[in-house]
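>>> One predicted model, sequence on top.
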Amino acid sequence: MRRRLRSLMVGELVNIPLQAGIWFGMIGFPLTWANLAGFALFSLLLIQGAAYWAAKLDQLRNRRSLPRGLAVFALARKVNPALLGAGLLATGAAVVTDPGGGSWPGLAFALFAVLEQINYFSAQLMHDTAADLRRLRTVGFRRSQLARDLARHGAASRTTA
């Protein structure tokens, strides 16, 4: 389990420069404000994901009932939709006013950021193991691990308040 959590954490962080290198370096998407804004949103969600997996790894190592930092993730769950909405509006407007390589990739990055938001804070969208795929086929989508931890954190906060 520790190896899996470490892999998820590192994978999210490695994906930021890797994706930048592929899309902006190798493929050559222009570094326009729209493309960079969409990529920044995508990167923000990947950083949040890496932070969550690091917190889960710490939880496992130190036998905590919940990961540390859940208040920060609860705040991100509330703030991210406004950031993502603004990013989608801005990159969408760029596509309308100047469609092409200077805007479409930015909108795509922003949409991927929305999918990451759903994947982390609502429903598990990524199914990369055989067990995940079996569960998806038999049960369907399930709440994400972070959503379940936030629910437990909220319940624990209400009982101690």
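Received, thanks.

>>> any weak-confidence spans in this structure?
For the chain, the stretches with pLDDT under 70 are 125-129, 131-137, 140-141, 155-161.

>>> Show me the helices in it, by range?
Here the chain has its helices, by DSSP state H, at 2-20, 33-61, 70-97, 104-121, 130-139, 145-160.

>>> Tell me which of the ones you listed approaches Ile27 most closely.
Nearest of the helices of the chain to Ile27, taken as C-beta to C-beta: helix 104-121 at 8.7 Å. Any C-beta I mention is one placed from the backbone N, CA and C, and that applies to glycine too.

>>> give the contact list for Leu150.
70, 73-74, 77, 121 (C-beta atoms under 8 Å, 6 or more residues apart in numbering).

>>> Which one of those residues is nearest to Ala50?
The closest of the contacts of Leu150, once distances to Ala50 are taken by C-beta to C-beta, is Phe73, at 12.2 Å.

>>> Tell me, how many residues neighbour the closest residue to Asn15 other than its chain neighbours?
Distances taken as C-beta to C-beta, 6 or more residues apart in numbering place Leu46 nearest to Asn15, at 5.7 Å, with adjacent residues excluded. Per other C-beta atoms under 10 Å, the neighbour tally for Leu46 reads 21.

>>> Hmm, Leu46 is touching Leu18, no?
No: counting by C-beta atoms under 8 Å, Leu46 does not reach Leu18; the two are 10.4 Å apart.

>>> Relative to Asp149, which of the contacts of Leu150 is nearest.
Checking the contacts of Leu150 one by one against Asp149 (C-beta to C-beta), the nearest turns out to be Leu70, at 6.1 Å.

>>> In contact with Leu5, which residues?
So Leu5 contacts 53, 56-57, 60 (C-beta under 8 Å, 6+ apart).

>>> rerun that using 10 Å as the cut-off
Neighbouring residues of Leu5 by C-beta atoms under 10 Å, 6 or more residues apart in numbering: 52-61.

>>> thinking again about what came up before, mutual contacts of Leu46 and Leu18, please.
Gly11.
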